[in-house]
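Trainee: sequence unknown, structure follows:
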């Protein structure tokens with residue numbers, strides 16, 4: 001791990017064991033990008049920039065027609081001075097002009113990693129784990145500085161980037177576009193991979209060739225969204241799961257974002273990621289600084305699998321925080337699909353009795369415990385216990401659950417407000433709205449205006465009161481609608497296009513306050529399932545409910561796509577009843593259990609209605625999962641068969657020391673005349689011997705990876721099998 005600056009050649013070289021990143025300051029102060037890829041010991045410009053006279057590309061120096069800002073690979077491109085590609089940065093002055101000109105001013109190199117004030121970010125636990133570079137660019141005419149911060153990690157082939165813009169002048173500046181990272185590649189020989197979806201159909205994989213022009217994914221919903229995830233990757237042609245070069249970008253942010261790639265006329269391409277400039281401005285007064293979210297960039301020479309394992313290791317250990325970061329996650333039962341809003345204390349205790357007998361460790365009370373909430377039309381914001389359903393209150397119920405040997409968890413939707421609520425009647429101005437315009441309902445609710453400090457203070461206070469009122473060890477934090485009529489009655493007209501970002505800053509403030517005050521509580525984020533599954537949320541809450549769709553077949557794709565970026569320890573996965581409540585499919589209990597065991601196992605069904613045979617199966621499943629969950633949640637993850645490409649899926653988990661492995665194989669539909677299938681494993685030690693736990697047979701790691709396992713003949717639709725291997729010493 002090193003950052004070296006060659007004073008004579010003005011070259012910055014960031015490197016660790018797996019990757020290098022190189023920049024140069026040209027004459028005139030322009031900062032350009034030279035290389036990002038496999039680690040190299042030293043950079044001596046074997047691939048120097050070539051300057052050519054290009055038609056319609058203007059020249060800052062009319063005496064040198066070969067140099068144009070339209071053709072050089074910028075490190076942080078701006079608008080208006082001859083570069084016609086999409087900029088990373090654009091502003092507007094009081095005179096209406098939108099031109100800026102950033103030149104190198106200074107830099108500093110320091111050990112460790114800085115904290116981003118008010119924003120989530122990856123971190124280093126000590127100064128030996130990371131080294132950082134801050135390059136300050138300056139527009140001297142405006143009195144504006146732009147500080148580009150890069151951090152490279154010792155133990156992870158990742159580089160984090162963020163930008164801080166400071167107004168040193170005397171006039172207001174309006175920021176129009178502030179990307180967190182931009183990279184100009186000197187060719188366009190890539191395919192573009194993104195994660196798209198919808199509610200109950202999140203994080204599908206889409207891979208397509210780059211084309212000339214701009215290709216982009218965005219969210220303008222006020223949340224990172226299930227429609228697009230704030231992630232993209234550029235893959236060299238032929239790159240696959242285990243080989244080839246991958247360049248990935250992920251934004252540590254939970255709001256509106258833009259990730260795009262532009263292929264220009266001379267077959268170069270520009271990739272950038274940051275806050276969505278659509279409907280965004282930020283008024284930056286004299287002396288003020290604006291901080292962008294962090295972008296995490298990963299290079300892999302070992303295909304998508306290598307990329308994923310880098311993100312997993314980094315996020316699991318240096319993005320997630322708190323006591324639960326390194327702890328195995330409890331097996332839970334959530335009452336939602338068992339009761340919906342129709343429950344009382346007796347019904348909940350009957351569920352808890354069955355859960356305790358099956359070995360479940362955590363009972364979670366979902367929506368409907370507060371106000372007079374018998375459906376989704378009322379009471380959000382009124383976080384007081386409904387004594388009709390729970391006459392003795394939360395504390396009594398929680399203690400009864402704990403007396404059964406389980407922990408107690410609770411559902412909240414703190415960011416929302418119902419029109420039918422005491423809070424709305426007292427503070428109708430507290431929701432996101434534009435004066436004089438009708439307010440659009442979503443799921444019969446409005447969104448609280450978290451750009452207002454008093455609203456944030458209210459949420460912190462009432463949630464704190466509830467969490468102090470009972471022995472609560474888990475919180476599910478939900479968000480079931482996106483923003484409309486984005487505005488605030490508390491801010492002046494010139495600040496209205498800041499509200500979407502201020503909402504996210506307010507959310508982060510609230511989450512920081514609450515999670516810091518209750519460090520023993522395991523927080524899980526949710527947004528109609530996986531609608532806000534992003535690194536920003538994982539900074540505060542180390543796991544996310546991956547989707548409201550718990551159908552096993554749908555979850556093969558959802559969890560496979562999620563695993564491209566996010567660690568298995570962050571993925572909430574539950575066994576639910578059949579016919580499934582989302583897609584009405586009937587699947588076997590085997591495949592439902594095995595898919596849910598491939599994440600943080602839970603259950604979401606009425607246990608009292610199961611047969612004794614089903615209960616015995618679940619009891620055995622839970623017992624098995626407890627033996628292997630540390631490997632599943634914290635081991636290295638390998639994708640073996642892609643459900644997006646066929647009728648099968650397979651993946652495996654390998655302990656860090658390679659002593660233990662768990663393999664899951666899933667087949668969706670039975671087919672006539674099927675061939676015998678061999679499954680090649682990955683990630684094992686080739687020279688070690690592994691014992692198959694179920695049969696006692698012993699195989700070499702090399703044999704399992706190269707010859708593979710023979711998949712047994714399975715009958716019927718929706719079948720699966722789990723394998724467990726343990727390394728053995730032969731005498």
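Mentor: Sure, I can see it. Computed from a prediction, not measured in an experiment: that's the story for all the values here.
Trainee: quick one: the closest residue to residue 618 other than its chain neighbours and residue 616, what's the gap?
Mentor: When the adjacent residues along the chain are set aside, residue 618 lies closest to residue 358, with 5.4 Å between them (Cβ to Cβ, 6 or more residues apart in numbering). For the C-beta atoms, the positions are set from N, CA and C on the backbone; glycine is no exception. Distance, residue 358 to residue 616, using Cβ to Cβ, to the nearest Å: 9 Å.
Trainee: check residue 37 too.
Mentor: Between residue 37 and residue 616 the distance is 54 Å, computed by Cβ to Cβ.
Trainee: which one's more surrounded, those two?
Mentor: The residue with more neighbours, out of residue 37 and residue 616 and counting by other Cβ atoms under 10 Å, is residue 37; that gives 15 against 12.
Trainee: doesn't the more buried one lie inside a strand?
Mentor: Yes: according to DSSP: H, G, I helix; E, B strand; the rest coil, the state of residue 37 is that of a strand.
Trainee: grab the nearest non-local neighbour of it.
Mentor: For residue 37, the nearest residue in space outside its immediate sequence neighbours is residue 299; the separation is 6.0 Å by Cβ to Cβ, 6+ apart.
Trainee: what about that neighbour, how many neighbours?
Mentor: By other Cβ under 10 Å, the residues close to residue 299 number 22.
Trainee: pairing partners for the host helix or strand of it, with directions?
Mentor: Counting by DSSP states H and E, the element that carries residue 299 is strand 294-300. Taking DSSP bridges as the criterion, strand 294-300 forms sheet pairs with strand 158-167 (antiparallel), strand 246-252 (antiparallel).
Trainee: run through the stretch 201-350 of the chain and note the low-pLDDT ranges.
Mentor: Residues of the stretch 201-350 of the chain that meet the criterion pLDDT under 70 are absent altogether.
Trainee: in three-state terms, label residue 49 for me.
Mentor: Reducing the assignment at residue 49 to three states with three-state DSSP gives coil.
Trainee: what sits against it?
Mentor: Contacts for residue 49 (Cβ atoms under 8 Å, 6 or more residues apart in numbering) come out as 32, 34, 72, 73.
Trainee: gap between the second one and residue 23?
Mentor: Residue 34 sits 6 Å away from residue 23, going by Cβ to Cβ.
Trainee: and the third one, by the same measure?
Mentor: Noted for residue 72: a distance of 12 Å to residue 23, by Cβ to Cβ.
Trainee: which one's more surrounded, the two?
Mentor: When residue 72 is set against residue 23 and neighbours are counted by other Cβ under 10 Å, the residue ahead is residue 23, at 25 against 22.
Trainee: thinking again about what came up before, for the strands paired with strand 294-300, give me TSV that also has mean neighbour count.
Mentor: Converted to TSV, the strands paired with strand 294-300 look like this (neighbours: other Cβ atoms under 10 Å):
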stretch	mean neighbour count
strand 158-167	23
strand 246-252	25
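Trainee: ok, which of those comes nearest residue 531?
Mentor: When the strands paired with strand 294-300 are compared for distance to residue 531 using Cβ to Cβ, the nearest one is strand 246-252, at 15.7 Å.
Trainee: any idea how far that closest one is from the middle of the chain?
Mentor: Mean-position distance between strand 246-252 and its chain equals 11 Å (Cα atoms, centre = their mean, to the nearest Å).
Trainee: I'd like to know how far residue 320 sits from residue 513.
Mentor: Here the criterion is Cβ to Cβ. By it, residue 320 lies 18 Å from residue 513.
Trainee: dig out what residue 183 forms beta bridges with.
Mentor: On the basis of DSSP bridges, residue 183 takes part in beta bridges with residue 271.
Trainee: same thing with residue 21?
Mentor: With beta bridges defined as DSSP bridges, residue 21 has these partners: residue 14, residue 36.
Trainee: and residue 49, what's its pLDDT?
Mentor: The model reports residue 49 with a pLDDT of 95.
Trainee: need the contact list for the residue nearest to residue 618.
Mentor: By Cβ under 8 Å, 6+ apart, residue 358 lies in contact with 607, 615, 618, 619, 622.
Trainee: please tell me how far it sits from residue 164.
Mentor: Residue 358 sits 52 Å away from residue 164, taking Cβ to Cβ as the criterion.
Trainee: still on that earlier bit, so for residue 34 and residue 23, which residues contact both of them?
Mentor: Common neighbours of residue 34 and residue 23, using Cβ under 8 Å, 6+ apart, are residue 11.
Trainee: contacts for the strand holding residue 299, please.
Mentor: By Cβ under 8 Å, 6+ apart, the surrounding residues in contact with strand 294-300 are 18-19, 36-38, 116, 119-122, 157-162, 180-181, 183, 245-253, 273-274, 306-307, 310-311, 314, 535.
Trainee: also stretch 263-274?
Mentor: Contacting residues not belonging to stretch 263-274 are listed as 54, 71, 73, 77, 85-86, 88, 177-188, 190, 210-213, 230, 232, 234, 247, 249-251, 257-262, 292-293, 295 [Cβ under 8 Å, 6+ apart].
Trainee: mark which of these are buried, thanks.
Mentor: 71, 73, 77, 85-86, 88, 177-186, 188, 190, 210, 230, 232, 234, 247, 249-251, 257-262, 292-293, 295 (16 or more other Cβ atoms under 10 Å).
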